[in-house]
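**Q** From the sequence below, what's the structure:
(chains A and B)
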Amino acid sequence: MPKTSWRKPVLLAMPAMLLALAACSSGGSSDSNSASPSASPSAAESASASASASASPAKDPWGPLPEKTTVNIFKVEPDGGPDFLALPEGETITNNRYIKAIDEKFNLDVKFPIDVKGGAAGEEKGNLMIASNDITDVMIVGYNQYLQMIDNGMLADLTQSYNDYASPQMKEVLQTDGGKALELATVDGKLYGIPTMGTVHNSDPLIWLRKDWLDKLGLQPPKTVDDLVAILKAFKDQDPDGDGKADTIGLPGVDKFAKTSADGAPAFYGYDAIFSAFKAYTGTWVKGSDGTVQYGSIQPQTKDALAKLNEMYQAGVIPKDFAIMKNEQASEKVASNTAGAFFGPWWAGWDPLTSAIKNDPKADWRAYSLLDTDGKSRSLQETPIGSIAVVKKGFKYPEAMIKMVNYGYQVQLDDPAVAGGDPYQGLTMPNWQTLPVPLALWRADSVILDHTGVVAASKGEELPKVGAATLQNYKTQGGYWSKGLDWLRQNPDSYGEPLSRVYGVDPIVENDTEPVYSEYYGVTHTMEQKMTNLDKLEIDSFIKIITGEKPLDYFDEFVSQWKKLGGDQITKEVNEALEK
Amino acid sequence: MVKSFRTTDRVFDVIIVAVLTLLSLSTLLPLVHIVAESFSDKAAVAGGLVTFYPRHFTLVAYRAVMSDHAFFRAFLVSVERVLLGGGLQFAFTILTAYALSRPTSEFRSRNAYMWILVFTMIFSGGMIPFYLTIRDLHLLDTMAALVLPTAVPVFNVVVLMNFFKSLPKELDEAALIDGAGPWYRMVSLYVPLSLPSIATVTLFSVVGHWNAFFDGMLLMNSPDKYPLQTYLNQIIVQASQPQSHLTPDQIKQLSQLSDRTVNSAKILVSLVPILIVYPFLQRYFVTGMTLGSVKE
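**A** Below you'll find the predicted structure:
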């Protein structure tokens, strides 16, 4: 019922939009090239025909709106106390210099009628607002919410506003992921929001090891899963901490040890790297041998990976209770130096290793990549689209949001001083979460770029061309790094970032890790109903096989179960959706 | 014969004492663990090295709590909520229970009202209709949204109503003959005689209001108005958020957020009011009986 009532106006509006599109694209070109006599008259005509008053001079990404406009924004305050926001005294997340600057620059009166604290509360409230069709003018939503809102016709089409008003810098940064995020955000040829991108290599599961333990036991860093298993056995049995007690364990685990369809990225302490080493990409859609897209978890490679995990479980290098461990418990094992190895992303240096180094300042943590059966390093990536800023259908100036994001990008990464004051006096990067439209528009390639920058700064070499705030951070972290590991261990509060940025990213650069993406990130009709149960079936079956409760061939039974319980239907729908 | 009876008696005692000890330990030890964590060093807690006594004793966590304005603001919101909500529930519970404790001969449509109340106990509209109702009543973002929907706690009403019913009818009749009207009988007869029961339901409503967190998250439109448990839920649940699409700021935050020592200290401070309320209500649990008021 709501669907049909929404569809009609959209259909009616389409010819008008097409007209506007034609008008504005030629209008844009006449800006740069004044001598285009053939195009401009027709452009002027169609522009007046489609009654878009903002024809010529107003297409300025930095220009004010024609009239004072109030924009209501749904605010989700980040977790953590006010000190994380690092705002100067007297400014708050809902009342600060950025909000004032936006008023001055764009004639926009920003209001936050609905403001919640914490990501969990934000998602809950957001779903509620969408379900009750009572949304604010501008919101930041997740990808599933975004698709749902488009389906219900709640969002303004921003295709045109984006083309006209997005700043060149924003357009450029949104291409650093090869345009993946924009592509996913474009539904039936129309863009309804500004997406953030997944950061390439941000979640690559690396194997972090205590180098001092390796050296003590006379072991080489691992290249393959089998190397790793040998190391883990030694870590468990040969008393690497030298206290004469058998109190060390192999590899901590976590209840989410394999990626399922619901997860955005491989999990901290998970075993995704072992699956990837067998070229099994669980929870994603992969190209099958027949050219169709198939579900990664049910491929034969997954069976090989499970066989290896079962072997590791039998050897005792995977703890008996791995499947019920929470992130926090696994983290304890590392922080207390009970475990000398764990799977974690490049940024594990901050947490848990800052705690680990405080508890044992002798520890020498390094990260390595595992190679797969082809001898190559490949890693599953986080979803290439993060959160999306959207505008409510019917809001008078949809470009207002684009302008706020233009400004936000300038504050975050370009030059905070130019953008309206730098509360940080160049010490740390401005916290994007204090912006009225908090969209984390980091360059998708920032992991490698920042690594290069910090390493170059530590050696006093030439730095990459980046914004002032980022540059300052390179110098700070590079400075720490150049003081050496011993200094960092004595000053554990400065230890996390340089260690992560240098040692954490080294293996990705050295092995030239190839990013692996899913072929499909949307949600089909049957997925909505059945995927939760299928994910549960998947994890339960994996646990049974790894713990040896069921033989390895139980995998085949799982696959047929999975297909029967809706998997086949979902696969069909995914392939249909991709053909469109 | 007597001796053997005593031995089984003693065995039974031992078993009871053992079971009760285990039960109380299972509730006490987690609390002791939290106390120990709150006084310990952050890195030691992150490493899981703290069990029942603090390691590297420090008051840093409590200092952090004391300087956290959001915590105290939420604390005050909760106190306000308990006073208002508890007061409302107190009044409505007694009034409703008294009326419903009258026999149908006195209150003819009693059963109809009873069914209406019990119906709400079994069925509810669900989250979204609840939200829409509160929104359409323009109660969103107000204290009323937290206290009005639960102003008549049906379960408490039923408990108190049954207690009123169990009071000797003779007392009621005696008062009636002395010329006491319904109000007078309620205030001067039923309420004083039912203090143990009223203390119990009041405790239910105070603890219920103090511990409620979800409605705060759902219905408040700004974090300034969060009650304490909504605030605590937010700082403790965040650790289990998915860890993808993190930016450097968030990664830095994450490493500081896993500060279990401060969280433990906050949990302990939030327990204090309830710990204070208990002993005050305790004395009503043992006194106020109607023993000996009627000769049969």
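**Q** wouldn't residue A:130 be in contact with residue A:146 here?
**A** No. Residue A:130 lies out of contact with residue A:146 (C-beta atoms under 8 Å); the separation is 9.8 Å. For every residue, glycine as well, the C-beta is placed using N, CA and C.
**Q** Same drill for the two, tell me which one is more crowded.
**A** residue A:146 (25 against 18; other C-beta atoms under 10 Å in any protein chain shown).
**Q** Could you check how far the more buried one is from chain B?
**A** Remark: distance between residue A:146 and chain B (C-beta to the nearest C-beta, to the nearest Å) = 14 Å.
**Q** Also residue A:401?
**A** Shown here: residue A:401 relative to chain B, a distance of 20 Å by C-beta to the nearest C-beta.
**Q** contacting residues for that residue?
**A** A:71, A:138, A:158, A:161, A:194, A:389, A:390, A:391, A:437 (C-beta atoms under 8 Å, 6 or more residues apart in numbering or on different chains).
**Q** Can you tell me which residue sits nearest the middle of chain A?
**A** residue A:198 (3.6 Å; C-alpha atoms, centre = their mean).
**Q** OK, contacts around that one?
**A** By C-beta under 8 Å, 6+ apart, the neighbours of residue A:198 are A:177, A:180-181, A:265, A:381-386, A:444, B:244-245.
**Q** Same check on residue A:325?
**A** Residue A:325 neighbours (C-beta under 8 Å, 6+ apart): A:252, A:253, A:254, A:255, A:269, A:319.
**Q** neighbours of residue A:338, just the number please.
**A** 16.
**Q** Poorly predicted segments of chain B, please.
**A** Chain B contains residues with pLDDT under 70 at B:1-5, B:237-245, B:248-249, B:252-258, B:285-296.
**Q** Okay, strands next: where are they in it?
**A** Counting by DSSP state E, no segments of chain B form strands.
**Q** got the contacts of residue A:198 as CSV, with neighbour count and secondary structure columns?
**A** Formatted as CSV, the contacts of residue A:198 follow (neighbours: other C-beta atoms under 10 Å in any protein chain shown; DSSP: H, G, I helix; E, B strand; the rest coil):
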residue, neighbour count, secondary structure
A:177, 23, coil
A:180, 22, helix
A:181, 25, helix
A:265, 24, coil
A:381, 26, coil
A:382, 27, coil
A:383, 22, coil
A:384, 26, coil
A:385, 24, strand
A:386, 24, strand
A:444, 25, coil
B:244, 19, coil
B:245, 23, coil
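**Q** So which of the residues you listed is the closest to residue A:526?
**A** residue A:383 (20.0 Å; C-beta to C-beta).
**Q** My guess is the closest one contacts residue A:265. True?
**A** Yes. Residue A:383 is in contact with residue A:265 according to C-beta under 8 Å; the separation is 7.1 Å.
**Q** Out of the contacts of residue A:325, name the ones that lie in strands.
**A** Those of the contacts of residue A:325 lying in strands (DSSP E): none at all.
**Q** Now restrict the residues you listed to buried residues only.
**A** Neighbour counting with 16 or more other C-beta atoms under 10 Å in any protein chain shown marks A:252, A:253, A:254, A:255, A:269, A:319 as buried within those.
**Q** Get me the contact residues on the stretch 1-150 of chain B for chain A.
**A** The interface of the stretch 1-150 of chain B toward chain A, taken as C-beta under 8 Å from any C-beta of the partner chain, is made up of B:42-44, B:46-49, B:68-70, B:127-128, B:131-132, B:135.
**Q** neighbours around residue A:465, how many?
**A** For residue A:465, the neighbour count with other C-beta under 10 Å is 7.
**Q** so it, which of the three states?
**A** Under DSSP: H, G, I helix; E, B strand; the rest coil, residue A:465 falls in the coil class.
**Q** do residue A:223 as well
**A** Applying three-state DSSP: residue A:223 is coil.
**Q** Pull the contacting residues for it.
**A** Taking C-beta under 8 Å, 6+ apart as the test, what residue A:223 contacts is A:370, A:371.
**Q** if I look at it, how far off is residue A:364?
**A** Distance of residue A:223 to residue A:364, computed by C-beta to C-beta, to the nearest Å: 19 Å.
**Q** Same question for residue A:245.
**A** To residue A:364, residue A:245 is 21 Å away according to C-beta to C-beta.
**Q** With neighbour numbers in mind, choose between those two.
**A** Shown here are residue A:245 and residue A:364; by other C-beta under 10 Å, residue A:364 has more neighbours (15 against 8).
**Q** Now for residue A:516, how many residues are close by?
**A** Neighbour count for residue A:516, taken as other C-beta under 10 Å: 16.
**Q** How about the contacts made by it?
**A** With C-beta under 8 Å, 6+ apart, residue A:516 has these contacts: A:276, A:281, A:284, A:378, A:379, A:380, A:381.
**Q** Where do the domain boundaries of chain A fall?
**A** In terms of domains, chain A is parsed into A:69-198+A:384-434, A:206-380+A:513-579 (source: the TED database).
**Q** Compare the mean pLDDT across those and name the weakest.
**A** Among those, domain A:69-198+A:384-434 has the lowest mean pLDDT, at a mean of 86.
**Q** Between the two ends of that one, what distance do you get?
**A** Start-to-end span of domain A:69-198+A:384-434 (C-alpha to C-alpha, to the nearest Å) is 21 Å.
**Q** now that domain, how far from the chain's geometric center?
**A** Put simply, domain A:69-198+A:384-434 sits 16 Å off its chain's centre (C-alpha atoms, centre = their mean, to the nearest Å).
**Q** Look up the closest residue to residue A:379, ignoring the ones flanking it.
**A** Excluding the flanking residues, the one nearest residue A:379 by C-beta to C-beta, 6 or more residues apart in numbering or on different chains is residue A:204, at 3.9 Å.
**Q** Surely residue A:573 is in contact with residue A:526?
**A** Yes. If you go by C-beta under 8 Å, residue A:573 and residue A:526 touch, sitting 5.8 Å apart.
**Q** Give the buried residues for stretch A:526-537.
**A** A:526, A:527, A:530, A:531, A:534, A:535, A:537.
**Q** out of those residues, which are inside helices?
**A** A:526, A:527, A:530, A:531, A:534, A:535, A:537 (DSSP state H).
**Q** Is chain A within reach of stretch B:263-279?
**A** No. Stretch B:263-279 lies apart from chain A when judged by C-beta under 8 Å from any C-beta; the minimum separation is 11.2 Å.
**Q** Is residue A:140 bridged to anything, and to what?
**A** residue A:389 (DSSP bridges).
**Q** Let me see the ranges of the helices in the stretch 151-296 of chain B.
**A** All helices of the stretch 151-296 of chain B, identified by DSSP state H, counting those that start in this stretch, fall at B:154-166, B:169-177, B:182-185, B:191-193, B:195-211, B:214-219, B:228-237, B:248-257, B:260-286.
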